[in-house]
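# return a 3D structure for these sequence lines:
(one chain, ligands or ions: 1)
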Amino acid sequence: MRSLDHKLIHGFIIVSLCCLLAGCIPAGDTGADSGITGEELITVGFSQLGAESDWRSANTESMKSVFTKENGYELIFDDAQQKQTNQITAIRSFIQRDVDYIVLAPVTEKGWDTVLSEAKEADIPVIIVDRQVDVSDESLFTCWVGSDFELEGKMVCMWISKFLGRKGIKGEDVHIVDIQGTLGSTAQLGRTKGFDHMAKLYGWDVVAYEQGDFTRSKGKEAMFKILRNYEDVNVVYCENDNEALGVIDVLEASGRKCGGDIANGEIMVVSFDGINKQALSHLMTGEISCIGECNPMHGPRVESVIRKLEAGEEPYKYQYVSEGLFSADMSVTSVMLGGKEYKVTRKP
Ligand code: GZL
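Numbers count the residues shown, from 1 in each chain. As a prediction, the model looks like this:
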């Protein structure tokens, strides 16, 4: 940790070194007996929510590859295994260790006021990444870096509508289910909100919502349940790639074909992230028709926030990353939302 004393000593070293180079010694001690060795590392406590998906692993890797000793950091990493109580415990241990910064990737939005107040009390800046926190006082965190999940949902739904519209399929003939991510997470709340808005706009028949928790196994369970309870589903909206893999497992095991030709009995599968290699392969061969990009590379963005804070600058409160759509079928080349065009590319 680098308290104010450390920073003053750090500054003293720099002045001393400059003076030594310039042949003069500041008043007081000479550098020789200051007793400080080498550059002080910036300590960063990172509470990662879990390792539930390929996106999450890529996000962790992005942070670990940036916050290294070579780059001037000591990273204290904690994997909460998707439990908020573990994240709260980790944040308290970071406070005890008097880290310089806390980075939090929150599993769900609510329940952070108390522990973030403790961090504020300890004068430790908190940077939120990926999903957001719903707190009564926004001064409890310095800034947030992540995706616009509602926009992601709207982009994928607009792609579905344009793709099926070109095949002459009317909105009322779309019988769609939403396999939701971890309930209460910003990614789930946003992707579901975008879905609901566009499904209403296009007049789709929303058959059901099932819980997929962003995992392959829960995606499988959800698809089994949908096949048991509903006959006419022809589009499956998965809120991440790992869920989509579970859905494809079940559909193919039950003799159905995944693809965009729903007029001839295929079942369209769409998803989000674009990280999992098997999902990208399914995108190329058509089992997944479209993937909404969700960029996990938050390491460099968080590091630039910390550099700004170290320099006494104030970062923007909300920092959105820009994202597009992936599809192997280029009959839809872009979608237009809020006056902005979002391109479709064949893969990341
Ligand atoms: C989105 C992130 C989601 C991913 C899932 O930023 O919160 O959580 O879409 C991950 O893969 O589990």
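# ok, the residue nearest to L309 when sequence neighbours are not counted - how many residues close by?
Leaving aside its sequence neighbours, L309 sits nearest to P125 (C-beta to C-beta, 6 or more residues apart in numbering; 6.1 Å). C-beta coordinates here come from the backbone N, C-alpha and C atoms, glycine included. P125 sits with 18 neighbouring residues when counted by other C-beta atoms under 10 Å.
# per-residue confidence for P125?
In this model, P125 is scored at 98, pLDDT.
# start at 11 instead
Okay, using 11 as the starting number, the last item reads as P135.
# thought it was touching Y111?
Yes: the pair P135 and Y111 qualifies as a contact (C-beta atoms under 8 Å) at a distance of 5.4 Å.
# shared neighbours, these two?
Common contacts of P135 and Y111 (C-beta atoms under 8 Å, 6 or more residues apart in numbering): L319.
# residues touching the residue nearest the centre of the chain, list them.
For the chain, D140 is the residue whose C-alpha lies nearest the centre (C-alpha atoms, centre = their mean; 3.6 Å). D140 sits next to 69, 115-116, 155-157, 196-197, 306, 308 when contact means C-beta under 8 Å, 6+ apart.
# please identify the helix or strand for I258.
Using DSSP states H and E, I258 sits in helix 251-263.
# using PDB, write out every CA atom in that helix.
Output in PDB follows, covering the C-alpha atoms of helix 251-263 (Å, rounded to 0.1, in the frame of the first residue of the first chain):
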ATOM      1  CA  ASP A 251     -22.600 -18.100 -25.500                       C
ATOM      2  CA  ASN A 252     -22.200 -20.700 -22.800                       C
ATOM      3  CA  GLU A 253     -26.000 -20.900 -22.500                       C
ATOM      4  CA  ALA A 254     -26.200 -21.200 -26.300                       C
ATOM      5  CA  LEU A 255     -23.900 -24.200 -26.200                       C
ATOM      6  CA  GLY A 256     -26.200 -26.000 -23.800                       C
ATOM      7  CA  VAL A 257     -29.200 -25.100 -25.900                       C
ATOM      8  CA  ILE A 258     -27.600 -26.500 -29.100                       C
ATOM      9  CA  ASP A 259     -26.600 -29.700 -27.200                       C
ATOM     10  CA  VAL A 260     -30.300 -30.300 -26.300                       C
ATOM     11  CA  LEU A 261     -31.800 -29.300 -29.700                       C
ATOM     12  CA  GLU A 262     -29.400 -31.500 -31.700                       C
ATOM     13  CA  ALA A 263     -29.900 -34.400 -29.200                       C
END
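# output the helix or strand just after it as CSV, restricted to C-alpha atoms.
Next along the chain after helix 251-263, taking DSSP H and E as the criterion, comes strand 278-283. Provided in CSV are the C-alpha atoms of strand 278-283 (Å, rounded to 0.1, in the frame of the first residue of the first chain):
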residue,chain,number,x,y,z
MET,A,278,-32.7,-20.0,-34.7
VAL,A,279,-30.2,-19.6,-31.8
VAL,A,280,-28.7,-16.2,-31.0
SER,A,281,-26.3,-15.3,-28.1
PHE,A,282,-23.9,-12.7,-26.6
ASP,A,283,-20.1,-12.5,-25.9
